[in-house]
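Trainee: A structural model of the following input is requested.
(one chain, ligands or ions: 1)
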Amino acid sequence: MCGIIGYVGPRPSQDILLAGLSRLEYRGYDSAGIAVIDGDGGLGMRKRAGKLAVLRDDLASTPLADGTTGIGHTRWATHGGPTDANAHPHLADDDKLAVIHNGIIENFAELKSELVGEGVTFRSETDTEVAAAMIGREYARTGDLVSAFRAVVSRLEGAYTLLAMHEDHPGLVVGARRNSPLVIGLGEGENFLGSDVAAFVEHTRKALAIGQDEIVAITPGGVEVTDFSGAPVEVEAFEVTWDASAAEKGGWSSFMAKEVSEEPEAVANTIRGRIHEGRVEIPELDGMDEFLADIDRILVIACGTAAYAGMVGKYALETWTRVPVDVELAHEFRYRDPVLSPRTLVVSISQSGETMDTLMAVKYARSRGAKTLSICNTQGATIPRESDAIVYTHAGPEVAVASTKAFVAQITALYLLALHVGRVRGAIDPVVAVEAVTELEAVPGKIARVLETEQTRIEQLAHWMADTRSVLFLGRNVGYPIALEGALKLKELAYIHAEGFAAGELKHGPIALIEPGQPVFVVVPSPRGSGEMHKKVVSNIEEIRARGARVIAIAEEGDVAVLPAADEVLRIPLAAPMFEPLLAVVPLHIFAMGLAEAKGLDVDQPRNLAKSVTVE
Ligand code: F6R
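Mentor: Next comes the predicted model:
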């Protein structure tokens, strides 16, 4: 939530800031702004409500004098609506200081009244302007920006990344972070700060991760990081594993279209290096065998789509490890009194690695003695840094707000984890494990087949359904979380009412929603094996059909039993039941995207949302 960039170096900064902001725009897109210290040492600032394009056009028609030190911000509003005045940067110290912020300063009202009492006037409704005024007040006393930050951060409660620069100090940008992301990009004679590496990956892949409660000062020649008390701290260096082109649209109509097309690779890359001679061995979990052999409970915490991946993962974890698994929404978990012990493994799942609800749940679980393992897609992010172990998904950068390729990568990582832990505990028959590995390795090719054979048809279907006002999704067993995921995607992208249900739950209430013409997607389990669930789901289809529903079945190739019951059948290749979710979700991703596009909506930046939810 909110994207932040800072630059110091020899180059004119405006284009660098705007390019960085365009890569960060998925974090928030209701207003944007930049500030630059120009060649004559004056501070120029421009900010506009609306998407980044509005700011870009404004700067193109009335340019700011450029300079080589700058900060930029793209906003997801918290305090104060998306207006020019509430956009960042905010100025203080007679407009010589510019400040940008991500997060929420929870005690801002009390700090604001203190400042108002001193005669400070405010031009916005934001908490950020309060922080700016406080930094300005401290700076006016000492003339030292870093010590002004130090004095102010100790008074701020909540979560924040703050960046500031002052026209007295061209070539210096200072930042601080608490529970909100900030990374450093190291260039040659130039340095960067960013909410994530996307801010600067075009210029450098060398990065430093800043820890909690630290202050960083960047100049063209150096980087200094201290804790909030001023003591120097060691920072962790890492190399960004993807290049700028991975975060480009590359000829696709949208990032989402590109990312759905990358679902096969996301699975393949997440598997890579973790299977040796048919056995799953996750190198990142070396040295944990003794602990994993002894766990008596696994608790999965996540939000949104990541939580649905967790629900799919539960089936595999329980089947292959024989350890009881609970899946819980991170924001619910922390506010009760959960039973945790040193034998509990808490698995968090987060694409961004910054979701505040998940981060807080991880910290809480750790403070209560549980061991935490992070499944994450973003290097250098906070959640993996706060966890005892990390299993990265390798889906590559996900830019569209709706999570797609990260979802299939998360399920893949959970399956790998289940096979790894099952092996360590001796809970899985080696023959079953080899079969599961073979199935998993076949998934990328099968997803590619769904994209090849079904995409155009699903897009057509979505087009015909552009006026639909409500869609229901049914699934059973591993298909149930897929029904929830299909409904979430449709809500967030197409803004229509959508609900996912466990098919068995129908008769306990939801069937009352069925009226003639009601579209219902049904994820149909395979008829192979015992086929018991298949029969039950086909009966469910008959029941809703009898009440006038329009049924769109997602069923495996060759399943003829669905033909008389369904109006449309979308086909997925044959797979063992545990692996069907990885295939069945693909048509649902395509459908939600297609329907949103048919309605003329922006699929990459749906209204009211942001990709990285860094506030609770
Ligand atoms: C939905 C979606 C969200 C995220 C959720 C968690 O398409 O993208 O529901 O899955 O906000 O985000 P991460 O995985 O970054 O923790």
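
Trainee: which stretches of the chain aren't confidently modelled?
Mentor: 530 (pLDDT under 70).

Trainee: mind giving me the domain split of it?
Mentor: For the chain, automatic domain parsing gives the domain ranges 3-241, 258-598.

Trainee: got a list of what the closest residue in space to residue 96 that isn't next to it in sequence touches?
Mentor: Distance criterion CB to CB, 6 or more residues apart in numbering; nearest residue to residue 96, sequence neighbours excluded, is residue 167 at 4.6 Å. (Each C-beta comes from the backbone N, C-alpha and C, glycine too.) Neighbouring residues of residue 167 by CB atoms under 8 Å, 6 or more residues apart in numbering: 37, 41, 42, 43, 96, 97.

Trainee: before we move on, back to that, who wins for proximity to residue 606 among the domains of the chain?
Mentor: Using CB to CB as the measure, domain 258-598 is the one of those that comes nearest residue 606, at 5.3 Å.

Trainee: help me confirm that residue 225 comes into contact with residue 215.
Mentor: Yes. With contacts counted by CB atoms under 8 Å, residue 225 reaches residue 215, the gap being 7.2 Å.

Trainee: neighbour-wise, which of these two wins?
Mentor: Higher neighbour count among residue 225 and residue 215: residue 215, with 24 against 18, using other CB atoms under 10 Å.

Trainee: and that one, which of the three is it?
Mentor: Three-state assignment for residue 215 (DSSP: H, G, I helix; E, B strand; the rest coil): strand.

Trainee: residue 299 is in contact with residue 365, correct?
Mentor: Yes. Counting by CB under 8 Å, residue 365 sits close enough to residue 299 to count as a contact (7.4 Å).

Trainee: so what sits against both of those two?
Mentor: In contact with both residue 365 and residue 299: 333, 338, 340, 344, 346, using CB under 8 Å, 6+ apart.

Trainee: ok, now which ones touch residue 64?
Mentor: If you count contacts by CB under 8 Å, 6+ apart, residue 64 has them with 14, 34, 36, 38, 44, 45, 46.

Trainee: the fourth one: neighbour count?
Mentor: If I follow you right, that is residue 38. For residue 38, the tally of surrounding residues (other CB under 10 Å) stands at 19.

Trainee: ditto for the last one
Mentor: When counting by other CB under 10 Å, one arrives at 19 neighbours for residue 46.

Trainee: from the contact counts, what lies against the helix or strand where it lies?
Mentor: Residue 46 belongs to strand 43-49 when elements are defined using DSSP states H and E. Helices and strands touching strand 43-49, by 3 or more CB pairs under 8 Å, 6 or more residues apart in numbering; DSSP states H and E, are strand 31-37, helix 52-61, strand 97-105.

Trainee: of all these, which one is nearest residue 412?
Mentor: For residue 412, the closest of the helices and strands packed on strand 43-49 is strand 97-105, at 30.3 Å, according to CB to CB.

Trainee: give me the angle between the closest one and strand 43-49.
Mentor: Put simply, strand 97-105 runs at 40 degrees to strand 43-49, going by axes from the mean of the first three to the mean of the last three CA atoms, to 10 degrees.

Trainee: what helices or strands is strand 97-105 leaning on?
Mentor: By 3+ CB pairs under 8 Å, 6+ apart, strand 97-105 packs against strand 3-8, strand 31-37, strand 43-49, strand 69-75, strand 90-92, helix 128-142, strand 158-166.

Trainee: after the helix or strand encompassing residue 416, next one along is what?
Mentor: Following DSSP H and E, one finds residue 416 within helix 405-424. As assigned by DSSP H and E, the chain's next helix or strand after helix 405-424 is helix 430-464.

Trainee: kind regards, and thank you for your time.
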